[in-house]
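give me a model of this one.
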Amino acid sequence: PAYRTTALRGGLLAFVKGQVRVEESIQLPNRSNAHRLRLEFAVGSGVWHLIVADLGPWPLTPRFERTERIRQLAGREPRTLVVGDFNTPYDSVAFDPWRYQWFHGLSQSTRTPGAATWPIGLPLLSIDHVWLSKDLWPRQAWKETAMGFDHAWQIIEFSPLAP
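As a prediction, the model looks like this:
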């Protein structure tokens, strides 16, 4: 009951216990959307940023311009998370610049069930992502696919890196 729900264009939602402000929303080609949120949690841990993204699912459309625009939207500030359905595999060249600037929740967690998040029953592709700014280390990851959904949900436990 203490969570605040923020509805975002493209059918996306953010649930946050604290203050939420939409800083920027962008609409990209092929039914793709991304939103930059400023968060101030009820526990008083300072300002965080959350980028929520959803890229259209057409497999043969180029990804680099859209993933790059989302990476630019995310910026380089500490305490930043980028989450979403990118419909783009982790090993795609579209994520080459990301791997230098961000940690990947499922791929780089010390304890992980593997990066594949789609399809249900036979996970083959890692197309849903949680990226963490370089001041946050992904320690442990969980995923599961609930009945009625074709994408796995993810929980990434992380901790701050020492300065």
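
please, which helix or strand holds the residue nearest to Leu81 when sequence neighbours are not counted?
Nearest residue to Leu81 in three dimensions, chain neighbours excluded: Leu50, at 5.3 Å (Cβ to Cβ, 6 or more residues apart in numbering). Using the backbone N, CA and C atoms, a C-beta is placed for each residue, glycine as well. Per DSSP states H and E: Leu50 is located in strand 47-54.

which strands or helices does that strand pack on?
Contacts defined by 3 or more Cβ pairs under 8 Å, 6 or more residues apart in numbering; DSSP states H and E place strand 47-54 against strand 12-16, strand 32-41, helix 64-74, strand 80-85.

mind checking the pLDDT average for the second one?
When pLDDT is averaged along strand 32-41, the result is 97.

OK, contacts around the residue nearest to Leu81?
Residues in contact with Leu50, defined by Cβ atoms under 8 Å, 6 or more residues apart in numbering, are 14, 16, 36-37, 39, 80-83.

same thing but at 7 Å, please
For Leu50, the contacting residues are 14, 37, 39, 81, by Cβ atoms under 7 Å, 6 or more residues apart in numbering.

distance of the last one relative to Pro119?
Distance check for Leu81 against Pro119: by Cβ to Cβ, to the nearest Å, it reads 25 Å.

the more surrounded of these two?
With other Cβ atoms under 10 Å as the criterion, Leu81 and Pro119 differ in neighbour count, and Leu81 comes out ahead with 21 against 14.

isn't that one right next to Leu132, touching?
Yes - look at Leu81 against Leu132 with Cβ atoms under 7 Å: they come within range, at 5.9 Å.

quickly list what the residue positioned nearest the centre of the chain is bridged to.
Residue closest to the average C-alpha location in the chain (Cα atoms, centre = their mean): Val83, at 1.1 Å. When bridges are assigned using DSSP bridges, the partners listed for Val83 are Val52, Val130.
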